[in-house]
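**Q** Compute the structure for the input listed below.
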Amino acid sequence: MELIKIGYNNKIKEQFEKAAKTNQIIGRISLEHKRMYRVWSVFGELLCEVSGKLAFDAQSREEYPAVGDWVIVSPRKEERKGTITAILPRKSKFSRKVAGNNTEEQIVAANVDTIFLVFSLNEDLNVRRLERYLTLTWESGANPVIVLTKADLAVDIKEKIMLVEGVSYGVPIVTISVVNNLGLDELQTYLLPGKTIALLGSSGVGKSTLTNYLIGFEKQEVQEIRGSDAKGRHTTTNREMVLLPNHAILIDTPGMRELQLWNSEDGISNSFSEIEQLSSSCKFRDCQHEKEIGCAVKLAIEKGELKEERLQSYKKLLRELAFLERRQDKKAQSEEKKKWKNMTKQSKKR
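**A** Reported below is the predicted structural model:
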């Protein structure tokens, strides 16, 4: 496999040469499944696990490889296997808090240039959910593009596009229909050789259909959305990286029912830039945008320049982020306490 086709460049080469040992090679994670990894390399696809040292040193899930990562591998060429000894620095990563009560980061995709946020133009179009995706995308370091699918099934398309525009200032919006071959040429602007694009969105929005179209054959199973509630079913079960015919790299992901924030302060600022800009004109620096005199945000709502729902969504995400930060602080304190306890035990044994 030619590494340049999967995004290899001089910067990655320099990072690899600084960290690699004799007989080690560089590879890129194409699939993760229960801590086993498919890695693309000059020897083709290798099935790899992480080294004992990497696993021992890892303090969190973030320190394990993710799809899209560049890694250093000690290969066993004859077995078509290898051991991952290190992860190269990531230029971008789309992260969310893991589902459930654990306060941990889950990296959905790494080293991505552009993220296609895929939403269906049917009854399930949810702009509040789109705000979350945009927040996490801006935080990731990748560039967002909103892809509105199933235009052939939609009514009031212009009205729905206006709703999306109202929460996505300056973000490109592409309306497509794979069935009617509508808008697909516009996507080619982003599908460039050596560039990595991730598809993110809920179940049933058309990610698998779009993936099949871009690849040129039926790689992903496609299921119809349920007629009862217009919601889709899961078709993609693992995050996976595929190489398109034009040598762009595509990361397809399973639909995410739960999308919680992770360290997204900058992402919120970018996603709600108009509210933050208005806030700078409020009379009081600590204005909560409730009933304060001289609140520029409330004045914009009264004038019809900003929707109340948009402000409430902004506040909700800020509260969620503050709660997450408190949880992270408690976890850090607990881990520090365990660390010193273990060190004390070790010193007593001596």
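
**Q** now the strand ranked longest in the chain, how far from the chain's geometric center?
**A** Within the chain, and with DSSP state E defining each element, the longest strand by residue count is strand 25-33. For strand 25-33, the distance from its own C-alpha centre to the chain's C-alpha centre is 17 Å (C-alpha atoms, centre = their mean, to the nearest Å).

**Q** Following the chain onward from it, which element is next?
**A** On the C-terminal side of strand 25-33, the closest following helix or strand by DSSP states H and E is strand 36-41.

**Q** Could you list the low-confidence segments of this structure?
**A** Counting by pLDDT under 70, the chain has low-confidence residues at 99-103, 123-124, 217-237, 255-258, 261-262, 264, 327-350.

**Q** in stretch 297-314, what's buried?
**A** Val297, Lys298, Ala300, Ile301, Leu306, Arg310, Leu311, Ser313, Tyr314 (16 or more other C-beta atoms under 10 Å). Bear in mind the C-beta positions are built from the backbone N, C-alpha and C, glycine included.

**Q** Am I right that the third one sits in a strand?
**A** No: according to DSSP: H, G, I helix; E, B strand; the rest coil, the state of Ala300 is helix, so it is not within a strand.

**Q** Sketch out the helices for this structure, chain order is fine.
**A** With DSSP state H, the ranges of helices along the chain come out as 10-19, 52-57, 127-140, 157-165, 184-187, 207-215, 265-271, 273-279, 296-302, 308-349.

**Q** is it possible to export the ones you listed to TSV including distance to Arg76?
**A** Formatted as TSV, these follow (distance: least, C-beta to C-beta, whole Å):
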stretch	distance to Arg76
helix 10-19	19
helix 52-57	16
helix 127-140	34
helix 157-165	49
helix 184-187	39
helix 207-215	30
helix 265-271	41
helix 273-279	50
helix 296-302	60
helix 308-349	35
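
**Q** And these: which comes nearest Leu148?
**A** Go through these one by one with C-beta to C-beta and the one that ends up closest to Leu148 is helix 157-165, at 6.8 Å.

**Q** For Ser41, which of the helices of the chain is the nearest?
**A** Ranking the helices of the chain by their distance to Ser41 (criterion: C-beta to C-beta) puts helix 10-19 first, at 11.6 Å.

**Q** List the buried residues for that closest one?
**A** Ile12, Gln15, Phe16.

**Q** now for it, which elements pack on it?
**A** Contact partners of helix 10-19 among helices and strands, from 3 or more C-beta pairs under 8 Å, 6 or more residues apart in numbering; DSSP states H and E: strand 70-76.

**Q** Just the buried residues of the strand it packs on, please?
**A** Using 16+ other C-beta under 10 Å as the burial criterion, the residues of strand 70-76 that qualify are Trp70, Val71, Ile72, Val73, Ser74, Pro75.

**Q** Residue nearest the middle of the protein, spatially speaking?
**A** Computing the C-alpha centroid of the chain and ranking residues by C-alpha atoms, centre = their mean puts Phe94 first, at 3.0 Å.

**Q** in the stretch 151-300 of the chain, which spans are strands?
**A** Along the stretch 151-300 of the chain, the stretches classed as strands by DSSP state E, counting those that start in this stretch are 173-175, 196-200, 240-243, 249-252.

**Q** doesn't Arg80 make contact with Val39?
**A** No: using C-beta atoms under 8 Å, Val39 makes no contact with Arg80, being 10.4 Å away.
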